[in-house]
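S.K.: I'll drop the sequence and a predicted model, then ask my questions.
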Amino acid sequence: MSLLASISDLPKAITPNDVATRTGPANSVPPMANATPGAAFSKGRRLNIPVPLRRRIPRFATSSLLVAGDIAGYLIAYFLLLPFLPNGSENMVLERAFALTALAAIILYASSALYPGYRIHDHEHLRRRTTASGKVAVIAALGAILLPEGTRLLLPLFGFLGLGLIAQPAMHGVARGLSRRLGIWGERAVIIGSRNRIPALIAHFKDHWQYGIRPESCSLDISELSPDDRPSIALIADDTGSHIAELATLRKTFAEVILLSDTPNVKVAGLRPAEIGGEIGVRLASSGAAANSNLVRRALDLAIAIPAVLVLMPVILIAAAAIYVIDPGPVFFRHAREGLFGKPVHVLKLRTMYRDAEQRLEALFRDNPAAQAEWSTHFKLREDPRVLPVIGHLLRASSIDELPQLVNIIAGEMAFVGPRPFPEYHLSAMDSEFRDKRRSVIPGLTGLWQISERSDANIELQQQLDGFYIDNRSLWFDWHILLSTIPAVLKGKGAC
């Protein structure tokens, strides 16, 4: 089926049921957000504002809110540093240096397409933001060195930039959420592809609204819509190899045509998009990792794991004592899992189950076929008779039971980020090709499916998420996953 035919079939492929607004889940789109972006500026139609300009108004308003959010982040950094700053004229010099530093960083953010930053993966946002701040830090350091006694400015400036990087993502999220509620976040888009693929992609972009994609249903043929009412973006979720000639026509019809690549939650097979810098159409990277990247990962793992063991040791010991009180016996256990190149890894954990856990599980399966089916799908049970009362669920929900694996990280058997080392019974449900793929990287304490789905993911989705991570593995992606693990654990979504 040709791409142009796909456009004609859109009224059949995208039905109101496919895009019905879902209520309840935290990620669902509120009624305000379902409005056409720029609805707040609809008066422009009566004022005869040109279509390109009218479409830029919501984008400009969103970018302005994001800039305000970043300024607020720097203000937070300033007020946190204020008690440590000197008084008098030296303080005035620092304030001016802070202002110039913040202005330079925001200009670099803008040049890195972070305003509004649509269609960029979160780890790419982190990379671009950190890179821009690093450039500003280098320029500030050179300027301070050239000034008389300017070296006194270095530490405050570095602290200002560092605290700003920490505060800005939260303020950036607030600005995104406000833009969404105002109905100005995102750009209208139509998805072109096979009928069985379109509903999943529509649901994906509605749930992951941060990408700035607003998929729509259509009651008319796209070609019959005026440029005023037509979505500005076409997302192609189909193999375009035999339709190159039609792409020129699509480019005349839409302001942008994007060839989708696989996303963490939706697999779009058969595409060969080009590298476009970390956006949702980015070409999948090869699974091989450079040796120098692995060395940097190892150094970072040790730099974090060794202090973390010392700081968290009291928490581990308290948890171990609580386990012993409820069910006397060994409080730690080591379980053989599959690691890099298939080498066994003896994963260390706090015991959260009764010592006769296997017998309890077998008894449950004999009496409860529904529990057997749940286990076959997720290899976890929401109501698990093996788990110790109170302390077992608490340790699992908070992931404290995983903290002893810091020892595995120090020993080099695991990393902070990577596919989780699963038991053999779990791996046996996966196909052999994917198991070979998992063996190509070192297993991790946390991973992509832990921060997105946690234990709610079934086998198919676990494979898809882990496969996406392995194909797109990078230091920035690792940092994104590591930083996202904390809110995921605090929310306790999917934990059991």
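M.R.: It's in.

S.K.: tell me the secondary structure for Pro148?
M.R.: Classification of Pro148 by DSSP: H, G, I helix; E, B strand; the rest coil places it in coil.

S.K.: that one and Met92: what is the separation?
M.R.: Separation of Pro148 from Met92 (Cβ to Cβ, to the nearest Å): 16 Å. All C-beta atoms are positioned from the backbone trio N, CA, C, and that covers glycine.

S.K.: what do you get for Val390?
M.R.: Noted for Val390: a distance of 57 Å to Met92, by Cβ to Cβ.

S.K.: do the same with Glu358
M.R.: Note on Glu358: its distance to Met92, by Cβ to Cβ, is 70 Å.

S.K.: what does Leu65 give?
M.R.: For Leu65, the distance to Met92 (Cβ to Cβ) stands at 30 Å.

S.K.: which one's more surrounded, these two?
M.R.: Taking other Cβ atoms under 10 Å, Leu65 and Met92 do not tie; Leu65 has more neighbours (21 against 11).

S.K.: part of a strand, is the more buried one?
M.R.: No: Leu65 is assigned helix when assessed by three-state DSSP, not a strand.

S.K.: leaving out sequence neighbours, find the closest residue to it.
M.R.: With sequence-adjacent residues excluded and distances taken as Cβ to Cβ, 6 or more residues apart in numbering, Leu65 is closest to Ala175, at 4.4 Å.

S.K.: okay, and that neighbour sits in which element?
M.R.: Taking DSSP states H and E as the definition, one finds Ala175 inside helix 154-181.

S.K.: export the following helix or strand past that helix as CSV, just CAs?
M.R.: Per DSSP H and E, the first helix or strand lying C-terminal to helix 154-181 is strand 187-193. Provided in CSV are the C-alpha atoms of strand 187-193 (Å, rounded to 0.1, in the frame of the first residue of the first chain):
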residue,chain,number,x,y,z
GLU,A,187,2.2,20.2,17.4
ARG,A,188,-0.7,18.5,15.4
ALA,A,189,0.4,15.4,13.6
VAL,A,190,-1.2,12.6,11.5
ILE,A,191,0.3,9.1,11.5
ILE,A,192,0.6,7.2,8.3
GLY,A,193,1.1,3.5,8.4
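
S.K.: by how many degrees do the helix or strand following strand 187-193 and strand 187-193 diverge?
M.R.: Downstream of strand 187-193, the next assigned helix or strand under DSSP H and E is helix 198-207. If you take axes from the mean of the first three to the mean of the last three Cα atoms, to 10 degrees, helix 198-207 sits at 160 degrees to strand 187-193.

S.K.: packing partners of the strand or helix carrying Ile304?
M.R.: Using DSSP H and E, Ile304 sits in helix 291-326. With contacts taken as 3 or more Cβ pairs under 8 Å, 6 or more residues apart in numbering; DSSP states H and E, helix 291-326 sits against strand 344-350, helix 391-398, helix 406-410, strand 415-417, helix 475-491.

S.K.: number of nearby residues for the closest residue to Ala140 other than its chain neighbours?
M.R.: Using Cβ to Cβ, 6+ apart and skipping the chain neighbours, the partner closest in space to Ala140 is Leu157 (4.8 Å). The number of residues packed near Leu157 is 23, by other Cβ under 10 Å.

S.K.: give the contact list for Leu157.
M.R.: Ala97, Phe98, Thr101, Ala137, Ala140, Ala141, Ala144 (Cβ atoms under 8 Å, 6 or more residues apart in numbering).

S.K.: try Arg438
M.R.: Counting by Cβ under 8 Å, 6+ apart, Arg438 touches Glu338, Pro419, Leu427, Met430, Asp466, Ile470.

S.K.: for those, give me a markdown table that also has secondary structure.
M.R.: Output for those, formatted as a markdown table (three-state DSSP):
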| residue | secondary structure |
| --- | --- |
| Glu338 | strand |
| Pro419 | coil |
| Leu427 | helix |
| Met430 | coil |
| Asp466 | helix |
| Ile470 | helix |
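
S.K.: now, which of those sits nearest Leu312?
M.R.: Nearest to Leu312 among these is Pro419, at 23.2 Å by Cβ to Cβ.

S.K.: how much space separates that closest one from Leu260?
M.R.: Distance, Pro419 to Leu260, by Cβ to Cβ: 24 Å.

S.K.: and what of Asp356?
M.R.: Distance, Asp356 to Leu260, by Cβ to Cβ: 50 Å.

S.K.: what's the answer for Leu475, then?
M.R.: 25 Å.

S.K.: more neighbours: these two, which one.
M.R.: Under the criterion of other Cβ under 10 Å, the comparison of Leu475 against Leu260 puts Leu260 first, with 23 against 15.
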